[in-house]
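In: Mind folding the following:
(chains A, B, C and D)
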2 protein chains.
Amino acid sequence: MAKRSGSSRVTIRDVARVAGVGVATVSRVLNGDPAVAAATRERVHAVMAQLGYQPLRTARALSRRRTDALLVVLPLLTRFFYVEILRGIEEALLETNYAFILRTLERPADGSRAIASVRRDLVDGALLVSMAVTPVWLARLERERLPAVVADADPAVPLSRIVVDHAEGARLAVTHLARLGHQRIAVIDRPDDPFAEKRISRRLLGYRQALQELGLELRAEYERVTPFSVEGGITGLHSLMQLPVPPTAIFVGSDTQAWGVLRAARQLGLDVPRDLAVVGYHDIEIAELLGLTTVRVPMRAIGRRAAQLLLEHLSGRLAPGELAVEWVTPELVVRRSCGAQGTDAGVESASE
Amino acid sequence: MAKRSGSSRVTIRDVARVAGVGVATVSRVLNGDPAVAAATRERVHAVMAQLGYQPLRTARALSRRRTDALLVVLPLLTRFFYVEILRGIEEALLETNYAFILRTLERPADGSRAIASVRRDLVDGALLVSMAVTPVWLARLERERLPAVVADADPAVPLSRIVVDHAEGARLAVTHLARLGHQRIAVIDRPDDPFAEKRISRRLLGYRQALQELGLELRAEYERVTPFSVEGGITGLHSLMQLPVPPTAIFVGSDTQAWGVLRAARQLGLDVPRDLAVVGYHDIEIAELLGLTTVRVPMRAIGRRAAQLLLEHLSGRLAPGELAVEWVTPELVVRRSCGAQGTDAGVESASE
DNA sequence: TTCGTCAAGTAAAACGTTTCGGAAGTTCCC
DNA sequence: GGGAACTTCCGAAACGTTTTACTTGACGAA
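Out: Numbering: from 1, shown residues only, chains lettered A, B, ... in the order given. So this is what the prediction gives:
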């Protein structure tokens, strides 16, 4: 005979009493069950409005076995890139009544922490951004029976995913440079996975393929993989320019590194784009300010689409086993750093 | 006689049965109630481990009337500043088992959307970042009886808060410039509230006060408030330089605008710091790259501390009515753009 | 009329916790 | 030895939904 504190919350029972129906009927109205007469439905609605009734989320969650919340995991929140994806996700979720719980990864080791949030009783689904989805993750998702979507995924991940065609992005950049007359085109790429510096990236493959298609020589010494930072760009350029036959154009795997390249070029007394053409990647905030020609990756759209895909899984429109794969193609944004527009002057760079 | 699907979840009842105790005892063990004998406690723990039992969050939430989740509301996620605060919040929450639900504000109108998340049955508390806390918000928080903390708050908000001493920050910058010999120090500030361009900021007040303390002339035409963007900095500098007696030093209310100032200076053929000394504000990512002297606002610390304050409210260590106020003081970071280090060359700027 | 069918609604059983109100045992005090 | 006072544990009542299984009444068909 335990009685809790006599709080004054309006419950579904109150609504039922006032409306003169059973609680089940109110619940049906709440959930849009068609098996309730229009007249009754309206009466119930009226009473709910009158009493200011709002179903208790926690009670619903327990009973329905779903939380109406999603998990979003993304690395390195600092980077503009990921923040934009997050906004896209948020946009897609705005109209729904899903909330989302955020977990950011700062180092790979954080993954073990984030994985603890993969729980059926915490969220209804997971949205993984730019992550190396390890077997541990897959097993956990499987065990918890959580639908998941990966945004900006490795093409091979066995989950629903949005894949960016980075090879095509590289091809766009390289082809553009070749059209401008460049024969010696180098590449400074970032590690493909933010945390795994091993694998060679699809971007790099696209670069090679484009050179071959264009009938240009493939030189191993023109390929550099440096850290995903401004410094990474600086060291990359320095090492390229020490070559006996330095390149005249560089495709850089991130705008962040490209900024470093611009700075280093200035430091070396090179004029961009006259002495050196540069094309970046991503089209982050600063690219426009720098006058940087770059390959735009539609970040918001990726986030939005990934969220929509997850919603489709949750609504059952996509069967649990059914995997959806969508490809997204980047596009070239021409500014001054490649030399196609304007002349020699006009590109941001820096002395040191 | 309704029987639900026969899922195989391990419940507290199973644990009780195997351990040979009542469910209440298991619950007590779970919640660290001291009124349970050590031997029993250990036995229960062993059984829990053996069965792999994990209490269902949703069931706990319903029964305890708390969700173990917090609400974080912050504007303009794009800005480095806010992202850093978010990371601080996350850091503080990492050790706890609180999750957080994120709501970002892109325009002031979004507030009405975000406020819908202020619900007792969704979260246990709210963390408001850099927001103009309107009466609507206060009323809602009050109605839902949600403890709240404001990070980077207006000093007058009647909630627990972390207040940044922007007046002191401005004083640091101006004093530094004066010590370097500058007499004509102008200011380009950003609007105080991201969305309300009305009020004059505490930063501006600090600027004025510092000039007075230093015995320098206060000139109305040396004060500019421009948009919180690179362009804002550009237009600000242009208009200042058209004055009959232009300033020799400028304190800028955000690094973002300061970047614009540097670009515009270059465009005007001014050498920084020789012809013009510049001090920014915030110390965001790019400040170091730009060689920008700036006032560092400890963003992570603000986020972390705000979260800790909220946790204290939730744990009851801070009474519901009791308001905690903590001040945070910025510090000066000297780089090249003010002329205190090195000489004329060396500051990033850009042609157009 | 009688039966079956269907629509609309009801009462009560889950969902898996926490916690209330006791109830056994112990220990201790007079 | 008879409570009183603890300690330690138990059964069952909340918490506020959803959903199951059933009832009631209306309507047609036979």
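In: Contacts for the helix or strand of chain A with the lowest mean pLDDT, please.
Out: Between all helices and strands in chain A, the lowest mean by mean pLDDT, DSSP states H and E belongs to helix A:110-115, at a mean of 82. By Cβ atoms under 8 Å, 6 or more residues apart in numbering or on different chains, the residues outside helix A:110-115 that reach it are A:73, A:103-105, A:134, A:136-137, A:140, B:94. All C-beta atoms are positioned from the backbone trio N, CA, C, and that covers glycine.
In: Let's see that with 10 Å instead.
Out: By Cβ atoms under 10 Å, 6 or more residues apart in numbering or on different chains, the surrounding residues in contact with helix A:110-115 are A:71, A:73-75, A:102-106, A:126, A:128, A:131-134, A:136-137, A:139-141, A:195, B:94.
In: Make a PyMOL selection of whichever of the residues you listed turn out to be buried.
Out: Here is the PyMOL command that selects the buried residues among these (16 or more other Cβ atoms under 10 Å in any protein chain shown):
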select buried, chain A and resi 71+73+74+75+102+103+104+105+126+128+131+132+133+137+140+141+195
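In: coming back round to it: tell me which other helices or strands the helix or strand that the least confident helix or strand of chain A is followed by touches.
Out: Later in the chain than helix A:110-115, the nearest helix or strand by DSSP states H and E is strand A:125-129. Where contact means 3 or more Cβ pairs under 10 Å, 6 or more residues apart in numbering or on different chains; DSSP states H and E, strand A:125-129 is packed against strand A:69-75, helix A:80-94, strand A:99-105, helix A:110-115, helix A:135-144, strand A:148-151, helix A:299-315.
In: Ok, which of these comes nearest DNA strand C?
Out: Nearest of those to DNA strand C, taken as Cβ to the nearest atom of the strand: helix A:135-144 at 13.9 Å.
In: re the thing from before, comparing the helices and strands packed on strand A:125-129 by mean pLDDT, which bottoms out?
Out: Among the helices and strands packed on strand A:125-129, helix A:110-115 has the lowest mean pLDDT, at a mean of 82.
In: Show me the domain layout of chain A.
Out: For chain A, the structural domains run A:12-54, A:69-164+A:299-329, A:166-297, going by automatic domain parsing.
In: got CSV for the helices and strands packed on strand A:125-129, with distance to residue A:52 too?
Out: Shown next, in CSV, are those (distance: least, Cβ to Cβ, whole Å):
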stretch, distance to residue A:52
strand A:69-75, 24
helix A:80-94, 24
strand A:99-105, 22
helix A:110-115, 38
helix A:135-144, 36
strand A:148-151, 37
helix A:299-315, 29
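In: out of these, deepest packed?
Out: Mean neighbour count (mean count of other Cβ atoms under 10 Å in any protein chain shown) peaks for strand A:148-151 among the helices and strands packed on strand A:125-129, with a mean of 28.
In: What is that strand packed up against?
Out: Applying 3+ Cβ pairs under 10 Å, 6+ apart, one finds that strand A:148-151 contacts strand A:69-75, helix A:80-94, strand A:125-129, helix A:135-144, strand A:160-164, helix A:299-315, strand A:325-328.
In: Just the pLDDT for residue A:341.
Out: Residue A:341 carries a pLDDT value of 71.
In: now swap in residue A:289 and tell me
Out: 85.
In: That one and residue B:239: what is the separation?
Out: Distance, residue A:289 to residue B:239, using Cβ to Cβ, to the nearest Å: 20 Å.
In: ok, and the closest non-adjacent residue to residue A:155?
Out: residue A:163 (5.1 Å; Cβ to Cβ, 6 or more residues apart in numbering or on different chains).
In: Verify the contact between that neighbour and residue A:150 for me.
Out: Yes - between residue A:163 and residue A:150 there is a contact under Cβ atoms under 10 Å: 8.6 Å.
In: shared neighbours of those two, anything?
Out: Listed as contacting both residue A:163 and residue A:150 by Cβ under 10 Å, 6+ apart are A:157, A:325.
In: list the contacts for residue A:54?
Out: Residues near residue A:54 by Cβ under 10 Å, 6+ apart: A:9-10, A:48, B:119, B:121.
In: Near residue A:41, how many other residues are there?
Out: For residue A:41, the count of nearby residues is 18 (other Cβ atoms under 10 Å in any protein chain shown).
In: nope, residue A:229 is what I was after
Out: The burial count for residue A:229: 15, using other Cβ under 10 Å.
In: what do you get for residue A:338?
Out: Residue A:338 is flanked by 27 other residues according to other Cβ under 10 Å.
In: nearest residue to it other than its sequence neighbours?
Out: Using Cβ to Cβ, 6+ apart and skipping residues adjacent in sequence, the residue nearest residue A:338 is residue A:293, 3.8 Å away.
In: In PyMOL, how would I select the buried members of the contacts of residue A:54?
Out: This is how PyMOL selects the buried members of the contacts of residue A:54, with burial counted by 16+ other Cβ under 10 Å:
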select buried, (chain A and resi 10+48) or (chain B and resi 119+121)
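In: when you check DNA strand D, which of the contacts of residue A:54 turn up near it?
Out: By Cβ under 7 Å from any atom of the strand, the members of those lying near DNA strand D are residue A:9.
In: Nearest to DNA strand D among the contacts of residue A:54?
Out: Nearest to DNA strand D out of those is residue A:9 (Cβ to the nearest atom of the strand; 4.4 Å).
In: what's the closest non-adjacent residue to that closest one?
Out: Distances taken as Cβ to Cβ, 6+ apart place residue A:56 nearest to residue A:9, at 7.5 Å, with adjacent residues excluded.
In: Enumerate every residue touching the one you found.
Out: The contact partners of residue A:56, taken as Cβ under 10 Å, 6+ apart, are A:9-12, A:62, B:61-62, B:65, B:119-122.
In: Any regions of the stretch 151-300 of chain A where pLDDT drops low?
Out: By pLDDT under 70, the weakly predicted segments of the stretch 151-300 of chain A are A:193-199.
In: Can you report how many residues lie near the residue in it that DNA strand D sits nearest to?
Out: Closest to DNA strand D within the stretch 151-300 of chain A is residue A:160: 24.4 Å, counting by Cβ to the nearest atom of the strand. Look at residue A:160: counted by other Cβ under 10 Å, it has 21 neighbours.
In: show me what contacts it?
Out: Residues in contact with residue A:160 (Cβ under 10 Å, 6+ apart) are A:147-150, A:153, A:306, A:309-310, A:312-313, A:318, A:322-326.
In: same thing but 8 Å
Out: By Cβ under 8 Å, 6+ apart, the contact set of residue A:160 is A:147-150, A:309-310, A:313, A:318, A:323-325.
In: okay, those in CSV with distance to DNA strand D next?
Out: Output for the contacts of residue A:160, formatted as CSV (distance: Cβ to the nearest atom of the strand, whole Å):
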residue, distance to DNA strand D
A:147, 18
A:148, 23
A:149, 24
A:150, 29
A:309, 24
A:310, 20
A:313, 18
A:318, 20
A:323, 26
A:324, 25
A:325, 31
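In: which residue packs closest to the residue nearest to the spatial centre of chain A, ignoring adjacent ones?
Out: For chain A, the residue sitting closest to the mean C-alpha position, by Cα atoms, centre = their mean, is residue A:85 at 4.1 Å. Distance criterion Cβ to Cβ, 6+ apart; nearest residue to residue A:85, sequence neighbours excluded, is residue A:303 at 3.8 Å.
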